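In: fold the following.
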Amino acid sequence: MNRAGAAGVCCLMSLLLGGGGCSSPDTCSELKNYRRALEVLDAGIEAMGGLDGILSLESVTGTFRTQVFHIGQGPRPGEPAVLHRMLYRVTTEITGERILVEAFLSDSSRQAQFTTLVSEEQVVHRLADGSGEVEQGRAAAAPFLHSLPMALTYLLEAWSGAKSLRWLGQRANDDKAYNVIAYADHLGTQRTLFFDSKSARLEKATLVTNQEPFGDIIIESTYGDFRPLNGAVFPWFTRKKVNGILESEFQAVTVSAGRPSLHTPSAETRGPRGKTTSVPTPSPPRSVVVERVEDGVFRICDVLPGYHMMFVEQEDRIILIEAIGGVDLSRLVLEAIASTVPGKKVTHVVLTHHHDDHSNGLWRYMQAGITAVTTPGLASFVDDVASIPRRTQDGRKILVAPMIELVRDSRVYGQGRNRIELFDIGPNPHSDEILIAYLPEHGLVFLSDVYGHRDGVDDPEVLLPFAERFEDLDLDVTTVLTAHTAPVSIEELQSAIAAARARSSMRHSAGENRNRVG
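Out: Okay, here's the model as predicted:
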(Lines give C-alpha, C1' and ligand atoms only; values in the text may rest on other atoms or scores of the structure.)
Protein backbone atom coordinates (compact mmCIF):
# COMPACT_ATOMS: atom_id res chain seq x y z
CA MET A 1 0.00 0.00 0.00
CA ASN A 2 1.41 3.44 -0.93
CA ARG A 3 1.65 6.39 1.52
CA ALA A 4 -1.46 8.13 0.17
CA GLY A 5 -3.56 4.99 0.49
CA ALA A 6 -2.36 4.38 4.01
CA ALA A 7 -3.17 7.96 4.95
CA GLY A 8 -6.70 7.56 3.54
CA VAL A 9 -7.35 4.42 5.57
CA CYS A 10 -6.05 6.10 8.73
CA CYS A 11 -8.31 9.12 8.16
CA LEU A 12 -11.35 6.89 7.59
CA MET A 13 -10.64 4.88 10.73
CA SER A 14 -10.12 8.08 12.67
CA LEU A 15 -13.53 9.39 11.56
CA LEU A 16 -15.28 6.12 12.38
CA LEU A 17 -13.70 6.11 15.81
CA GLY A 18 -14.60 9.73 16.46
CA GLY A 19 -11.11 11.11 15.97
CA GLY A 20 -12.29 13.87 13.62
CA GLY A 21 -9.73 13.17 10.87
CA CYS A 22 -10.17 14.43 7.28
CA SER A 23 -9.71 12.71 3.92
CA SER A 24 -8.66 16.00 2.25
CA PRO A 25 -7.62 19.53 3.21
CA ASP A 26 -10.91 20.90 1.84
CA THR A 27 -12.97 18.50 3.96
CA CYS A 28 -10.88 19.36 6.98
CA SER A 29 -11.44 23.07 6.39
CA GLU A 30 -15.23 22.65 6.09
CA LEU A 31 -15.38 20.64 9.29
CA LYS A 32 -13.29 23.20 11.16
CA ASN A 33 -15.56 25.93 9.83
CA TYR A 34 -18.66 24.13 11.11
CA ARG A 35 -17.10 23.44 14.51
CA ARG A 36 -15.97 27.05 14.86
CA ALA A 37 -19.53 28.24 14.10
CA LEU A 38 -20.84 25.84 16.78
CA GLU A 39 -18.37 27.26 19.30
CA VAL A 40 -19.52 30.81 18.59
CA LEU A 41 -23.19 29.85 18.83
CA ASP A 42 -22.71 27.88 22.06
CA ALA A 43 -20.85 30.80 23.62
CA GLY A 44 -23.61 33.18 22.50
CA ILE A 45 -26.33 30.99 24.02
CA GLU A 46 -24.42 30.81 27.32
CA ALA A 47 -23.96 34.59 27.32
CA MET A 48 -27.74 35.03 26.93
CA GLY A 49 -28.61 32.72 29.83
CA GLY A 50 -27.91 29.22 28.53
CA LEU A 51 -30.18 26.90 26.57
CA ASP A 52 -32.22 25.81 29.58
CA GLY A 53 -32.63 29.38 30.77
CA ILE A 54 -33.85 30.60 27.36
CA LEU A 55 -36.24 27.66 26.87
CA SER A 56 -37.66 28.09 30.37
CA LEU A 57 -39.10 31.48 29.33
CA GLU A 58 -41.71 29.68 27.16
CA SER A 59 -43.08 33.01 25.93
CA VAL A 60 -42.11 36.67 26.28
CA THR A 61 -44.49 39.64 26.33
CA GLY A 62 -43.01 43.09 25.90
CA THR A 63 -44.49 46.57 25.66
CA PHE A 64 -42.38 48.82 23.45
CA ARG A 65 -42.45 52.48 22.57
CA THR A 66 -41.57 52.69 18.91
CA GLN A 67 -40.88 55.22 16.25
CA VAL A 68 -41.04 54.13 12.65
CA PHE A 69 -39.41 55.94 9.76
CA HIS A 70 -41.37 54.35 6.94
CA ILE A 71 -38.88 53.95 4.10
CA GLY A 72 -40.56 54.51 0.75
CA GLN A 73 -43.25 56.80 2.21
CA GLY A 74 -41.50 60.17 2.29
CA PRO A 75 -42.45 63.17 0.12
CA ARG A 76 -39.55 62.34 -2.22
CA PRO A 77 -37.89 59.03 -3.15
CA GLY A 78 -35.11 58.07 -0.77
CA GLU A 79 -36.44 60.19 2.09
CA PRO A 80 -38.00 58.23 4.98
CA ALA A 81 -40.93 59.87 6.73
CA VAL A 82 -41.75 59.70 10.43
CA LEU A 83 -44.87 57.63 9.94
CA HIS A 84 -45.89 57.17 13.54
CA ARG A 85 -44.86 56.83 17.14
CA MET A 86 -46.81 54.00 18.64
CA LEU A 87 -46.95 51.54 21.48
CA TYR A 88 -46.41 47.93 20.47
CA ARG A 89 -47.31 44.94 22.60
CA VAL A 90 -45.47 41.86 21.33
CA THR A 91 -46.12 38.36 22.64
CA THR A 92 -43.97 35.61 21.18
CA GLU A 93 -43.44 31.98 21.97
CA ILE A 94 -39.73 31.77 22.60
CA THR A 95 -39.40 29.31 19.71
CA GLY A 96 -41.01 31.86 17.40
CA GLU A 97 -43.74 29.45 16.29
CA ARG A 98 -46.47 31.98 17.06
CA ILE A 99 -46.17 35.74 17.51
CA LEU A 100 -48.87 38.30 18.25
CA VAL A 101 -48.22 42.00 17.64
CA GLU A 102 -50.69 44.69 18.77
CA ALA A 103 -50.11 48.35 17.87
CA PHE A 104 -51.69 51.22 19.83
CA LEU A 105 -51.67 54.95 19.12
CA SER A 106 -50.71 55.82 22.71
CA ASP A 107 -50.12 54.39 26.18
CA SER A 108 -53.76 55.01 27.09
CA SER A 109 -55.30 53.47 23.94
CA ARG A 110 -57.56 50.52 24.56
CA GLN A 111 -58.19 49.46 20.96
CA ALA A 112 -55.29 48.30 18.81
CA GLN A 113 -54.87 50.13 15.52
CA PHE A 114 -53.85 46.82 14.01
CA THR A 115 -52.90 43.32 15.09
CA THR A 116 -50.66 40.85 13.33
CA LEU A 117 -50.76 37.18 14.23
CA VAL A 118 -47.97 35.04 12.82
CA SER A 119 -47.99 31.25 12.91
CA GLU A 120 -45.97 28.63 11.08
CA GLU A 121 -48.75 28.38 8.50
CA GLN A 122 -49.91 31.94 7.85
CA VAL A 123 -49.91 35.60 8.71
CA VAL A 124 -53.12 37.46 9.60
CA HIS A 125 -53.23 41.29 9.67
CA ARG A 126 -56.32 42.94 11.13
CA LEU A 127 -57.10 46.67 11.19
CA ALA A 128 -59.04 48.51 13.90
CA ASP A 129 -62.16 48.60 11.72
CA GLY A 130 -62.18 44.81 11.63
CA SER A 131 -60.98 44.44 8.06
CA GLY A 132 -58.21 41.94 7.65
CA GLU A 133 -55.77 40.30 5.33
CA VAL A 134 -54.54 36.72 5.34
CA GLU A 135 -51.24 35.89 3.70
CA GLN A 136 -50.46 32.26 3.01
CA GLY A 137 -46.97 31.49 4.21
CA ARG A 138 -44.74 32.99 6.84
CA ALA A 139 -42.16 34.22 4.33
CA ALA A 140 -44.33 37.29 3.60
CA ALA A 141 -43.81 38.47 7.18
CA ALA A 142 -40.04 37.97 7.31
CA PRO A 143 -39.13 41.68 6.93
CA PHE A 144 -41.70 42.66 9.55
CA LEU A 145 -40.63 40.00 12.06
CA HIS A 146 -36.98 40.95 11.72
CA SER A 147 -37.74 44.35 13.24
CA LEU A 148 -38.97 42.77 16.48
CA PRO A 149 -36.71 42.01 19.49
CA MET A 150 -36.26 38.32 18.60
CA ALA A 151 -32.60 37.74 19.40
CA LEU A 152 -33.34 34.76 21.67
CA THR A 153 -35.56 33.16 19.03
CA TYR A 154 -32.79 33.41 16.43
CA LEU A 155 -30.39 31.68 18.82
CA LEU A 156 -32.84 28.79 19.19
CA GLU A 157 -33.44 28.64 15.43
CA ALA A 158 -29.71 28.41 14.78
CA TRP A 159 -29.31 25.78 17.51
CA SER A 160 -32.16 23.60 16.15
CA GLY A 161 -30.79 23.86 12.58
CA ALA A 162 -27.15 23.63 13.54
CA LYS A 163 -26.13 21.53 10.52
CA SER A 164 -26.52 24.64 8.33
CA LEU A 165 -24.16 26.72 10.50
CA ARG A 166 -21.17 28.37 8.84
CA TRP A 167 -18.42 30.51 10.34
CA LEU A 168 -17.96 33.72 8.33
CA GLY A 169 -14.98 35.00 10.26
CA GLN A 170 -14.44 38.02 12.47
CA ARG A 171 -15.57 41.48 11.37
CA ALA A 172 -15.06 44.94 12.78
CA ASN A 173 -18.01 47.34 12.85
CA ASP A 174 -19.13 50.19 15.11
CA ASP A 175 -15.70 50.12 16.82
CA LYS A 176 -16.36 46.53 17.84
CA ALA A 177 -15.15 43.13 16.75
CA TYR A 178 -17.81 40.51 16.01
CA ASN A 179 -17.68 36.77 15.53
CA VAL A 180 -20.01 36.12 12.61
CA ILE A 181 -21.93 32.97 11.73
CA ALA A 182 -24.77 32.20 9.32
CA TYR A 183 -27.53 29.61 9.28
CA ALA A 184 -30.59 28.71 7.20
CA ASP A 185 -33.93 29.04 8.98
CA HIS A 186 -36.81 26.61 8.36
CA LEU A 187 -37.90 28.70 5.34
CA GLY A 188 -34.47 28.32 3.77
CA THR A 189 -33.65 32.00 4.37
CA GLN A 190 -30.10 32.73 5.43
CA ARG A 191 -29.69 34.77 8.59
CA THR A 192 -26.34 36.13 9.68
CA LEU A 193 -25.64 36.57 13.39
CA PHE A 194 -23.01 38.90 14.88
CA PHE A 195 -21.71 38.10 18.37
CA ASP A 196 -19.65 40.62 20.33
CA SER A 197 -16.15 39.12 20.55
CA LYS A 198 -15.80 40.15 24.22
CA SER A 199 -19.23 39.52 25.76
CA ALA A 200 -20.26 36.78 23.26
CA ARG A 201 -23.80 38.28 23.22
CA LEU A 202 -25.82 38.39 20.02
CA GLU A 203 -25.86 42.10 19.14
CA LYS A 204 -26.80 42.11 15.46
CA ALA A 205 -28.70 39.97 12.93
CA THR A 206 -29.07 40.48 9.17
CA LEU A 207 -31.45 39.02 6.63
CA VAL A 208 -31.57 39.24 2.83
CA THR A 209 -35.14 39.18 1.51
CA ASN A 210 -37.30 40.52 -1.32
CA GLN A 211 -39.40 43.62 -0.88
CA GLU A 212 -40.86 45.40 -3.89
CA PRO A 213 -40.47 47.78 -5.61
CA PHE A 214 -36.71 47.36 -5.11
CA GLY A 215 -36.33 43.58 -5.12
CA ASP A 216 -33.61 42.20 -2.87
CA ILE A 217 -32.93 44.17 0.30
CA ILE A 218 -30.85 43.62 3.41
CA ILE A 219 -32.45 44.12 6.80
CA GLU A 220 -30.24 44.66 9.83
CA SER A 221 -31.44 44.49 13.45
CA THR A 222 -29.16 45.55 16.30
CA TYR A 223 -29.82 44.75 19.96
CA GLY A 224 -28.83 46.61 23.12
CA ASP A 225 -29.76 47.43 26.72
CA PHE A 226 -29.51 43.78 27.82
CA ARG A 227 -31.28 42.98 31.09
CA PRO A 228 -31.92 39.79 33.11
CA LEU A 229 -35.23 38.02 32.50
CA ASN A 230 -36.02 34.93 34.60
CA GLY A 231 -32.47 33.64 34.31
CA ALA A 232 -32.03 34.59 30.65
CA VAL A 233 -30.87 37.89 29.14
CA PHE A 234 -33.23 39.95 26.96
CA PRO A 235 -32.48 43.05 24.82
CA TRP A 236 -34.73 45.97 25.77
CA PHE A 237 -33.71 47.98 22.71
CA THR A 238 -33.88 47.02 19.02
CA ARG A 239 -33.00 49.15 16.02
CA LYS A 240 -33.83 48.11 12.44
CA LYS A 241 -32.19 49.36 9.24
CA VAL A 242 -33.18 48.59 5.65
CA ASN A 243 -30.33 48.85 3.13
CA GLY A 244 -28.48 50.88 5.76
CA ILE A 245 -31.31 53.39 6.34
CA LEU A 246 -32.90 53.63 9.79
CA GLU A 247 -36.43 52.21 9.66
CA SER A 248 -37.57 51.67 13.25
CA GLU A 249 -36.59 51.65 16.92
CA PHE A 250 -38.16 49.63 19.75
CA GLN A 251 -37.55 50.63 23.39
CA ALA A 252 -39.07 48.30 25.98
CA VAL A 253 -41.25 49.69 28.77
CA THR A 254 -42.04 46.35 30.39
CA VAL A 255 -40.98 42.78 29.63
CA SER A 256 -42.31 39.61 31.25
CA ALA A 257 -42.09 35.88 30.64
CA GLY A 258 -44.57 33.07 31.19
CA ARG A 259 -46.70 30.47 29.54
CA PRO A 260 -47.85 31.10 25.95
CA SER A 261 -51.21 32.87 25.79
CA LEU A 262 -51.81 33.44 22.11
CA HIS A 263 -55.51 32.94 21.49
CA THR A 264 -56.94 32.78 17.98
CA PRO A 265 -60.42 31.89 16.68
CA SER A 266 -59.36 28.69 15.00
CA ALA A 267 -59.27 24.95 15.23
CA GLU A 268 -56.58 22.96 16.97
CA THR A 269 -54.05 21.45 14.59
CA ARG A 270 -50.84 19.49 14.82
CA GLY A 271 -47.85 21.79 14.51
CA PRO A 272 -44.72 21.02 12.48
CA ARG A 273 -42.64 20.32 15.57
CA GLY A 274 -45.15 17.81 16.91
CA LYS A 275 -46.90 20.22 19.27
CA THR A 276 -50.61 20.96 19.27
CA THR A 277 -51.05 24.60 18.35
CA SER A 278 -53.90 26.91 17.42
CA VAL A 279 -53.57 28.51 14.00
CA PRO A 280 -55.87 30.58 11.76
CA THR A 281 -58.10 28.74 9.34
CA PRO A 282 -56.60 28.92 5.81
CA SER A 283 -58.33 31.28 3.39
CA PRO A 284 -58.91 30.64 -0.31
CA PRO A 285 -56.36 31.96 -2.82
CA ARG A 286 -56.73 35.65 -3.64
CA SER A 287 -58.79 36.49 -6.71
CA VAL A 288 -58.94 39.77 -8.60
CA VAL A 289 -62.42 41.35 -8.81
CA VAL A 290 -63.15 43.69 -11.72
CA GLU A 291 -66.12 46.06 -11.52
CA ARG A 292 -67.51 47.98 -14.53
CA VAL A 293 -67.90 51.71 -13.83
CA GLU A 294 -68.75 52.96 -17.33
CA ASP A 295 -68.37 51.56 -20.85
CA GLY A 296 -64.68 50.77 -21.10
CA VAL A 297 -63.94 52.05 -17.59
CA PHE A 298 -63.26 49.48 -14.88
CA ARG A 299 -62.33 49.42 -11.23
CA ILE A 300 -60.23 46.62 -9.67
CA CYS A 301 -61.63 46.27 -6.16
CA ASP A 302 -59.45 45.31 -3.20
CA VAL A 303 -56.48 44.20 -5.23
CA LEU A 304 -55.08 44.27 -1.69
CA PRO A 305 -57.40 44.90 1.27
CA GLY A 306 -58.24 48.61 1.14
CA TYR A 307 -56.41 49.17 -2.20
CA HIS A 308 -58.18 49.76 -5.50
CA MET A 309 -56.98 50.29 -9.06
CA MET A 310 -58.58 51.41 -12.31
CA PHE A 311 -58.11 50.66 -16.00
CA VAL A 312 -59.53 52.30 -19.12
CA GLU A 313 -60.10 50.74 -22.53
CA GLN A 314 -59.22 52.96 -25.48
CA GLU A 315 -59.32 52.28 -29.22
CA ASP A 316 -55.99 50.48 -29.50
CA ARG A 317 -54.90 49.92 -25.90
CA ILE A 318 -55.64 49.73 -22.21
CA ILE A 319 -54.24 52.19 -19.66
CA LEU A 320 -53.84 50.96 -16.07
CA ILE A 321 -53.88 53.47 -13.23
CA GLU A 322 -51.83 52.55 -10.15
CA ALA A 323 -49.00 50.00 -9.89
CA ILE A 324 -50.16 48.20 -6.74
CA GLY A 325 -49.62 44.58 -5.97
CA GLY A 326 -46.17 43.01 -6.02
CA VAL A 327 -44.86 40.62 -8.66
CA ASP A 328 -47.35 37.75 -8.30
CA LEU A 329 -50.43 39.91 -7.76
CA SER A 330 -49.58 42.13 -10.72
CA ARG A 331 -49.55 39.03 -12.90
CA LEU A 332 -53.08 38.23 -11.68
CA VAL A 333 -54.17 41.80 -12.42
CA LEU A 334 -52.95 41.52 -16.02
CA GLU A 335 -54.73 38.18 -16.41
CA ALA A 336 -57.98 39.68 -15.05
CA ILE A 337 -57.74 42.63 -17.46
CA ALA A 338 -57.08 40.28 -20.40
CA SER A 339 -60.17 38.21 -19.57
CA THR A 340 -62.32 41.36 -19.13
CA VAL A 341 -61.19 43.06 -22.36
CA PRO A 342 -59.87 40.29 -24.62
CA GLY A 343 -57.78 41.24 -27.62
CA LYS A 344 -56.30 44.43 -26.19
CA LYS A 345 -53.09 44.84 -24.25
CA VAL A 346 -52.14 47.09 -21.37
CA THR A 347 -49.65 49.51 -22.90
CA HIS A 348 -49.28 52.07 -20.09
CA VAL A 349 -49.35 52.01 -16.30
CA VAL A 350 -49.77 55.32 -14.46
CA LEU A 351 -47.56 55.61 -11.37
CA THR A 352 -49.53 58.16 -9.34
CA HIS A 353 -46.68 58.56 -6.84
CA HIS A 354 -43.60 56.70 -5.64
CA HIS A 355 -44.74 55.30 -2.26
CA ASP A 356 -43.89 51.63 -2.02
CA ASP A 357 -47.48 50.47 -1.48
CA HIS A 358 -48.43 52.16 -4.77
CA SER A 359 -45.36 51.15 -6.77
CA ASN A 360 -44.69 47.59 -5.58
CA GLY A 361 -46.06 46.13 -8.83
CA LEU A 362 -44.14 48.51 -11.10
CA TRP A 363 -41.28 46.16 -11.93
CA ARG A 364 -43.65 43.38 -13.03
CA TYR A 365 -45.54 45.74 -15.34
CA MET A 366 -42.33 47.05 -16.90
CA GLN A 367 -41.10 43.47 -17.26
CA ALA A 368 -44.26 42.81 -19.33
CA GLY A 369 -43.23 45.65 -21.70
CA ILE A 370 -45.68 48.21 -20.29
CA THR A 371 -44.65 51.88 -20.39
CA ALA A 372 -44.49 53.64 -17.02
CA VAL A 373 -46.20 57.05 -16.96
CA THR A 374 -44.95 59.32 -14.20
CA THR A 375 -43.71 62.79 -13.30
CA PRO A 376 -40.23 64.18 -14.08
CA GLY A 377 -39.04 63.94 -10.47
CA LEU A 378 -39.77 60.20 -10.42
CA ALA A 379 -37.98 59.23 -13.64
CA SER A 380 -34.81 58.24 -11.77
CA PHE A 381 -36.95 56.31 -9.26
CA VAL A 382 -38.44 54.25 -12.11
CA ASP A 383 -34.94 53.68 -13.53
CA ASP A 384 -33.76 52.49 -10.12
CA VAL A 385 -36.65 50.03 -9.80
CA ALA A 386 -35.91 48.64 -13.27
CA SER A 387 -32.14 48.47 -12.80
CA ILE A 388 -32.23 45.84 -10.05
CA PRO A 389 -32.35 42.35 -11.58
CA ARG A 390 -34.74 39.74 -10.25
CA ARG A 391 -34.38 35.99 -10.46
CA THR A 392 -37.03 33.49 -11.43
CA GLN A 393 -37.67 30.38 -9.35
CA ASP A 394 -35.42 28.39 -11.67
CA GLY A 395 -32.56 30.85 -11.07
CA ARG A 396 -32.63 32.84 -14.31
CA LYS A 397 -31.74 36.52 -13.97
CA ILE A 398 -34.23 38.97 -15.50
CA LEU A 399 -33.30 42.52 -16.47
CA VAL A 400 -35.77 45.23 -17.49
CA ALA A 401 -35.24 48.08 -19.94
CA PRO A 402 -37.77 50.67 -18.75
CA MET A 403 -39.95 52.69 -21.10
CA ILE A 404 -41.00 55.95 -19.44
CA GLU A 405 -43.32 58.78 -20.45
CA LEU A 406 -43.39 61.93 -18.35
CA VAL A 407 -46.27 64.15 -17.29
CA ARG A 408 -45.13 67.75 -16.96
CA ASP A 409 -48.09 69.45 -15.24
CA SER A 410 -50.60 67.64 -17.51
CA ARG A 411 -50.84 65.14 -20.34
CA VAL A 412 -53.66 63.66 -22.42
CA TYR A 413 -54.00 60.01 -23.48
CA GLY A 414 -56.48 58.95 -26.14
CA GLN A 415 -59.44 60.63 -27.80
CA GLY A 416 -63.19 60.41 -27.65
CA ARG A 417 -65.32 59.13 -24.82
CA ASN A 418 -62.55 57.45 -22.81
CA ARG A 419 -59.95 60.19 -23.09
CA ILE A 420 -57.77 60.45 -19.96
CA GLU A 421 -56.27 63.70 -18.71
CA LEU A 422 -53.49 63.37 -16.15
CA PHE A 423 -52.58 66.25 -13.83
CA ASP A 424 -49.74 66.63 -11.35
CA ILE A 425 -51.49 68.17 -8.33
CA GLY A 426 -48.29 68.53 -6.30
CA PRO A 427 -46.50 69.77 -4.39
CA ASN A 428 -48.26 68.06 -1.50
CA PRO A 429 -46.92 67.07 1.94
CA HIS A 430 -47.85 63.47 1.14
CA SER A 431 -45.75 63.42 -2.04
CA ASP A 432 -44.01 66.24 -3.86
CA GLU A 433 -45.35 65.00 -7.18
CA ILE A 434 -48.62 63.08 -7.42
CA LEU A 435 -50.89 62.40 -10.38
CA ILE A 436 -54.68 62.33 -10.63
CA ALA A 437 -56.62 60.93 -13.62
CA TYR A 438 -59.63 62.74 -15.07
CA LEU A 439 -62.11 61.34 -17.61
CA PRO A 440 -64.01 64.45 -18.77
CA GLU A 441 -66.67 62.60 -20.80
CA HIS A 442 -67.63 60.59 -17.73
CA GLY A 443 -67.23 63.38 -15.15
CA LEU A 444 -64.95 61.02 -13.24
CA VAL A 445 -61.68 61.56 -11.37
CA PHE A 446 -59.32 59.06 -9.72
CA LEU A 447 -57.45 60.23 -6.60
CA SER A 448 -54.68 58.46 -4.74
CA ASP A 449 -53.98 59.25 -1.05
CA VAL A 450 -54.76 62.99 -1.17
CA TYR A 451 -58.35 62.09 -0.24
CA GLY A 452 -59.77 58.88 1.15
CA HIS A 453 -56.44 57.74 2.52
CA ARG A 454 -56.70 54.92 5.06
CA ASP A 455 -54.53 56.78 7.59
CA GLY A 456 -56.97 59.72 7.74
CA VAL A 457 -59.56 60.76 5.18
CA ASP A 458 -59.66 64.39 6.25
CA ASP A 459 -56.05 65.18 7.17
CA PRO A 460 -55.98 68.94 6.47
CA GLU A 461 -52.22 68.97 5.85
CA VAL A 462 -52.75 66.69 2.83
CA LEU A 463 -56.33 67.39 1.77
CA LEU A 464 -56.25 71.20 1.75
CA PRO A 465 -53.20 71.70 -0.53
CA PHE A 466 -54.81 69.21 -2.91
CA ALA A 467 -58.15 71.07 -2.68
CA GLU A 468 -56.57 74.37 -3.73
CA ARG A 469 -54.93 72.78 -6.77
CA PHE A 470 -58.06 70.77 -7.61
CA GLU A 471 -60.29 73.88 -7.49
CA ASP A 472 -57.83 75.78 -9.70
CA LEU A 473 -58.20 73.05 -12.34
CA ASP A 474 -61.99 73.63 -12.35
CA LEU A 475 -62.81 70.12 -13.56
CA ASP A 476 -66.40 69.07 -14.24
CA VAL A 477 -66.59 66.09 -11.85
CA THR A 478 -69.56 64.10 -10.58
CA THR A 479 -67.90 60.85 -9.37
CA VAL A 480 -64.71 60.38 -7.39
CA LEU A 481 -62.82 57.07 -7.39
CA THR A 482 -60.02 56.66 -4.87
CA ALA A 483 -57.23 54.19 -4.24
CA HIS A 484 -58.54 53.34 -0.75
CA THR A 485 -62.31 53.85 -0.50
CA ALA A 486 -65.54 53.06 -2.30
CA PRO A 487 -66.57 55.59 -5.00
CA VAL A 488 -68.03 58.84 -3.66
CA SER A 489 -69.84 61.80 -5.15
CA ILE A 490 -68.22 65.17 -5.75
CA GLU A 491 -70.51 66.55 -3.03
CA GLU A 492 -68.98 64.15 -0.49
CA LEU A 493 -65.48 65.27 -1.47
CA GLN A 494 -66.49 68.94 -1.21
CA SER A 495 -68.03 68.31 2.19
CA ALA A 496 -64.82 66.68 3.42
CA ILE A 497 -62.81 69.65 2.16
CA ALA A 498 -65.14 72.12 3.91
CA ALA A 499 -64.90 70.16 7.17
CA ALA A 500 -61.12 70.04 6.94
CA ARG A 501 -60.97 73.79 6.35
CA ALA A 502 -63.18 74.39 9.38
CA ARG A 503 -60.98 72.22 11.61
CA SER A 504 -57.84 73.85 10.29
CA SER A 505 -59.30 77.31 10.97
CA MET A 506 -60.27 76.32 14.52
CA ARG A 507 -56.77 74.99 15.20
CA HIS A 508 -55.24 78.16 13.80
CA SER A 509 -57.50 80.32 15.98
CA ALA A 510 -56.75 78.24 19.06
CA GLY A 511 -53.03 78.63 18.39
CA GLU A 512 -53.37 82.41 18.09
CA ASN A 513 -55.32 82.56 21.37
CA ARG A 514 -52.62 80.55 23.15
CA ASN A 515 -49.98 82.92 21.81
CA ARG A 516 -51.95 85.93 23.10
CA VAL A 517 -52.29 84.37 26.54
CA GLY A 518 -48.60 83.54 26.56
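
In: CA atoms for contacts and neighbours, from now on please.
Out: Noted.

In: low-confidence ranges, the stretch 201-350 of the chain, go.
Out: 260-286 (pLDDT under 70).

In: again, only this time at 50
Out: 264-285 (pLDDT under 50).

In: can you show me the strands along it?
Out: Along the stretch 201-350 of the chain, counting by DSSP state E, counting those that start in this stretch, strands occupy 202-210, 216-229, 232-242, 245-258, 268-270, 276-278, 289-294, 297-304, 307-314, 317-321, 346-350.

In: could those be laid out in JSON lines, adding mean neighbour count and distance to T485?
Out: JSON lines is the format used below for those (neighbours: other CA atoms under 10 Å; distance: least, CA to CA, whole Å):
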{"stretch": "strand 202-210", "mean neighbour count": "20", "distance to T485": "28"}
{"stretch": "strand 216-229", "mean neighbour count": "18", "distance to T485": "31"}
{"stretch": "strand 232-242", "mean neighbour count": "22", "distance to T485": "30"}
{"stretch": "strand 245-258", "mean neighbour count": "18", "distance to T485": "28"}
{"stretch": "strand 268-270", "mean neighbour count": "13", "distance to T485": "36"}
{"stretch": "strand 276-278", "mean neighbour count": "16", "distance to T485": "33"}
{"stretch": "strand 289-294", "mean neighbour count": "14", "distance to T485": "14"}
{"stretch": "strand 297-304", "mean neighbour count": "20", "distance to T485": "9"}
{"stretch": "strand 307-314", "mean neighbour count": "22", "distance to T485": "8"}
{"stretch": "strand 317-321", "mean neighbour count": "22", "distance to T485": "15"}
{"stretch": "strand 346-350", "mean neighbour count": "22", "distance to T485": "19"}
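
In: need the ones you listed in a markdown table with distance to G96, can you?
Out: Output for these, formatted as a markdown table (distance: least, CA to CA, whole Å):
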| stretch | distance to G96 |
| --- | --- |
| strand 202-210 | 15 |
| strand 216-229 | 16 |
| strand 232-242 | 15 |
| strand 245-258 | 14 |
| strand 268-270 | 16 |
| strand 276-278 | 12 |
| strand 289-294 | 35 |
| strand 297-304 | 27 |
| strand 307-314 | 30 |
| strand 317-321 | 40 |
| strand 346-350 | 40 |
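
In: which among those strands is found nearest to G452?
Out: When the strands of the stretch 201-350 of the chain are compared by CA to CA, strand 307-314 sits nearest G452, at 10.8 Å.

In: what about R89, distance to T66?
Out: Relative to T66, R89 is positioned 10 Å away (criterion: CA to CA, to the nearest Å).

In: residues in contact with the closest residue in space to Q251 that isn't next to it in sequence?
Out: Closest residue to Q251 apart from its sequence neighbours, by CA to CA, 6 or more residues apart in numbering: F237 at 4.7 Å. Shown in contact with F237 (CA atoms under 8 Å, 6 or more residues apart in numbering): 149, 223-226, 249-252.

In: how close does F237 sit to A112?
Out: Distance, F237 to A112, using CA to CA: 22 Å.

In: in this protein, which spans are helices?
Out: For the chain, the helices defined by DSSP state H cover 3-16, 25-47, 50-55, 142-145, 151-160, 326-340, 356-359, 362-367, 379-387, 460-473, 490-517.

In: which one of the ones you listed lies nearest to S108?
Out: For S108, the closest of the helices of the chain is helix 490-517, at 23.4 Å, according to CA to CA.

In: and the closest residue to K204 other than its chain neighbours, how close does it get to W236?
Out: Distances taken as CA to CA, 6+ apart put T222 closest to K204, at 4.2 Å, once the chain neighbours are dropped. Per CA to CA, T222 is found 11 Å from W236.

In: likewise for I404?
Out: The gap separating I404 from W236 is 47 Å, by CA to CA.

In: swap in L202?
Out: Distance of L202 to W236, computed by CA to CA: 13 Å.

In: now do the closest residue to A141 other than its chain neighbours, the pLDDT please.
Out: Using CA to CA, 6+ apart and skipping the chain neighbours, the partner closest in space to A141 is V123 (6.9 Å). pLDDT recorded at V123 is 83.

In: hang on, isn't V123 packed against A142?
Out: No: using CA atoms under 8 Å, V123 makes no contact with A142, being 10.2 Å away.
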